[in-house]
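Peer 1: Pasting the sequence and the predicted coordinates here, then a few questions.
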Amino acid sequence: MRSLPVAGDQRVQGEILEDLRQATRYRRWLASLARPWLGANPIEIGSGLGDYAAEWARSVALFTASEADPQRLASLQERFNADPSVEVRELAAPLDEDAAHSSVVAYNVLEHIADDVAALRGFARLVVPGGRVILVVPAFELAMSRFDREIGHFRRYRRPSLIATLDAADLRLLRLHYVNAPGLLAWVLGMRLLGLRPKAGPLLAAWDALMPAVRTAEHWCPPPFGQSLFVVAETPAGDRPPRGDARGDSWAHEGGGADHFGTEVSVGNEVLRVTPIEGLDLEVSSAREFWRSQRLQPYYREHQPQTQLLIDRLAQIGAEAPITSVFEFGCNVGRNLHYIRGAFGPSIEVCGMDVNPDAVAAGRRYFGFTPDQLCVGDDESLTPLARNRFDVVVTVSVLDHLPEVTKVLDHLLRVARRRLVCIELDLGASGKVTGRVAGQEVVGYSYSFPYADIIRRLGGRVEIDEPVRLGPGILSRYRLVVAAPP
């Protein structure tokens, strides 16, 4: 594995890391900025003494901390030796390594690397397609001091220069803003003009005590400058097809509109057929009994591409304002809720409902959900739920197992306060799905509907309606729909 050289006096860097451990409020603020974007299995580049890793590890399923300096690496290994949720490894700005992390986070690292574009390209190879690259970098060249150079800063950034660097690395910008406006003024005065160095003591403690007030002020009034820049970028989503291919918006079928029945859908040698639903009342009853009695499969507990897509969308919604509650209809064992709780922290309220009592019981055992968090229920059980009860309501491959979805979507829009997020199988036609895939019959109660059109008819405001390809097979073609309630 090749590495990019990271500049700076390692001894001085170690001393500064030790001194800055005192700034706990400031660290928690910066850690909170990244938390909604981390996903289930992030990796941190340049973990130092592990203080940020400790903040983030509580919120995710598996956290990977990495470090290039041998002494700091040994400290990390000792600190997290007994924590099964944290993996520690040696890593220095990789160029030739591919991995499948949900995100890569690097706080105050990029400025130490001479070729920052190459470094970002290396970071991007550590995450899944569409994964996040999360950075904090020092801002404004005018603040460059002798101390900056001593610890190995090649540069400080402004918004235009950082955007250009991200573009050169083929990363798509999602979020960019300055952080800690008073800190820039203090840095220019203390480090640039007076030649000081940050260190532990009463001055740092007093400064850290101001951080909650600064954090609140900048949340409501983002500053035009700051000591640092916080950025979230997205790697190219290589597993997603382009919008509007040669077949138009209904990309998954050959011809016909969304209400076209009897459509044959083919991908490679896989062929499915979407046909009208006959005897709807009997179909609804039969489907409910079928899914109520299904045996559990091991993959129901595992992190799936749908889970990561859902968490990513929730992170974008949470970037507007923190999400306080999520309800999942058709949650099975609660896998998605488990990873949502891991990604957003224990303070978020998560609740789920599923028709299968065995799945609900298993979810309580596997993930520690209480009866208030995970309950048994079907579409008829949605009626008692209060209007605007949950910030966000989600479904993941659930509506595509129901023969009638209009009433369900009506209930879900009523219960949602901010957004409804649906990730569902979409074959570009309405009806029951039959046929064989990989030599096996498709599950007897699978369906395809124009979910966005139905939501619009119910008064919802559709914000996103796009195809999402989550794998190579025909049954990995989904539709992502995000809508605001009426």
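Peer 2: Ah, there it is. Nothing here was measured: the structure is a model prediction, and the numbers come from that model.
Peer 1: count of residues packed around A321?
Peer 2: 10 (other CB atoms under 10 Å). For the C-beta atoms, the positions are set from N, CA and C on the backbone; glycine is no exception.
Peer 1: Please apply the same query to T307.
Peer 2: 23.
Peer 1: is it true that S75 touches D51?
Peer 2: No. With contact defined as CB atoms under 8 Å, S75 does not count as touching D51 (10.9 Å).
Peer 1: The most centrally placed residue in the chain: what's it in contact with?
Peer 2: When CA atoms, centre = their mean is applied to the chain, the residue found nearest the centroid is D312 (3.0 Å). Going by CB atoms under 8 Å, 6 or more residues apart in numbering, D312 touches 39, 130, 132.
Peer 1: Restricted to buried residues, select those residues in ChimeraX.
Peer 2: Command for ChimeraX, covering only those of the contacts of D312 found buried under the criterion 16 or more other CB atoms under 10 Å:
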select :39,130,132
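Peer 1: out of the contacts of D312, who's nearest G330?
Peer 2: G39 (22.0 Å; CB to CB).
Peer 1: how close does that closest one sit to D96?
Peer 2: 23 Å (CB to CB, to the nearest Å).
Peer 1: what's the answer for E218, then?
Peer 2: Using CB to CB, E218 is found at 39 Å from D96.
Peer 1: And N336, by the same measure?
Peer 2: 34 Å.
Peer 1: Neighbour count: the two, which is higher?
Peer 2: Ranked by neighbour count (other CB under 10 Å), N336 and D96 place N336 first, with 28 against 9.
Peer 1: I'd assumed T307 was in contact with that one.
Peer 2: Yes. N336 is in contact with T307 according to CB under 8 Å; the separation is 5.2 Å.
Peer 1: joint contacts of these two?
Peer 2: V396.
Peer 1: Strands along the stretch 51-200 of the chain, start to end?
Peer 2: 63-67, 86-90, 101-107, 127-138, 172-179 (DSSP state E, counting those that start in this stretch).
Peer 1: List phi and psi for I340.
Peer 2: phi -60, psi -40 (degrees, to the nearest 10).
Peer 1: check contacts around it.
Peer 2: Applying CB under 8 Å, 6+ apart, the residues contacting I340 are 310-311, 314, 326, 348, 350.
Peer 1: In strands only, show me these.
Peer 2: Counting by DSSP state E, the part of the contacts of I340 found in strands is 326, 350.
Peer 1: got JSON lines for the contacts of I340, with pLDDT, neighbour count and distance to V415 too?
Peer 2: As requested, the contacts of I340 are exported to JSON lines (pLDDT from 0 to 100; neighbours: other CB atoms under 10 Å; distance: CB to CB, whole Å):
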{"residue": "L310", "pLDDT": "91", "neighbour count": "25", "distance to V415": "17"}
{"residue": "I311", "pLDDT": "90", "neighbour count": "25", "distance to V415": "20"}
{"residue": "L314", "pLDDT": "93", "neighbour count": "23", "distance to V415": "16"}
{"residue": "V326", "pLDDT": "96", "neighbour count": "26", "distance to V415": "11"}
{"residue": "I348", "pLDDT": "92", "neighbour count": "20", "distance to V415": "17"}
{"residue": "V350", "pLDDT": "95", "neighbour count": "23", "distance to V415": "14"}
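Peer 1: Please convert the contacts of I340 to JSON lines, extending it with distance to I340.
Peer 2: Listed next are those as JSON lines, based on distance: CB to CB, whole Å:
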{"residue": "L310", "distance to I340": "7"}
{"residue": "I311", "distance to I340": "6"}
{"residue": "L314", "distance to I340": "7"}
{"residue": "V326", "distance to I340": "6"}
{"residue": "I348", "distance to I340": "7"}
{"residue": "V350", "distance to I340": "6"}
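Peer 1: care to break the protein down by domain?
Peer 2: 10-234, 263-484 (automatic domain parsing).
Peer 1: Show the contacting residues for the residue lying closest to E141 once chain neighbours are set aside.
Peer 2: Once flanking residues are discounted, E141 sits nearest to R156: 5.1 Å by CB to CB, 6 or more residues apart in numbering. R156 makes contacts with 111, 137-141, 143-144, 148, as judged by CB under 8 Å, 6+ apart.
Peer 1: repeat that with 6 Å
Peer 2: 138-141, 143-144 (CB atoms under 6 Å, 6 or more residues apart in numbering).
Peer 1: Who wins on neighbours among those residues?
Peer 2: Going by other CB under 10 Å, A139 tops those with 27 neighbours.
Peer 1: Residues in a beta bridge with it, which ones?
Peer 2: Beta-bridge partners of A139, counted by DSSP bridges, are Y157.
Peer 1: thinking again about what came up before, need the contacts of D312 in a markdown table (columns: distance to T395 and pLDDT).
Peer 2: Converted to a markdown table, these look like this (distance: CB to CB, whole Å; pLDDT from 0 to 100):
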| residue | distance to T395 | pLDDT |
| --- | --- | --- |
| G39 | 20 | 81 |
| G130 | 20 | 81 |
| R132 | 24 | 90 |
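Peer 1: Out of the contacts of D312, flag the one nearest to R469.
Peer 2: Nearest to R469 among those is G130, at 10.8 Å by CB to CB.
Peer 1: roughly how far apart are L110 and I277?
Peer 2: Distance from L110 to I277, by CB to CB: 54 Å.
Peer 1: Compare these two (neighbour count), which wins?
Peer 2: L110 (27 against 16).
Peer 1: Look at the more buried one and report its pLDDT.
Peer 2: For L110, the model assigns a pLDDT of 92.
Peer 1: dump the residue contacts of it.
Peer 2: 116, 135, 137.
Peer 1: 7 Å instead?
Peer 2: L110 sits next to 116, 119, 135, 137 when contact means CB atoms under 7 Å, 6 or more residues apart in numbering.
Peer 1: same deal with I454?
Peer 2: Contacts of I454 by CB under 7 Å, 6+ apart are 405-406, 409.
Peer 1: Recalculate using a threshold of 10 Å.
Peer 2: Contact analysis of I454 by CB atoms under 10 Å, 6 or more residues apart in numbering lists 258, 399, 405-406, 408-410, 430, 460, 481.
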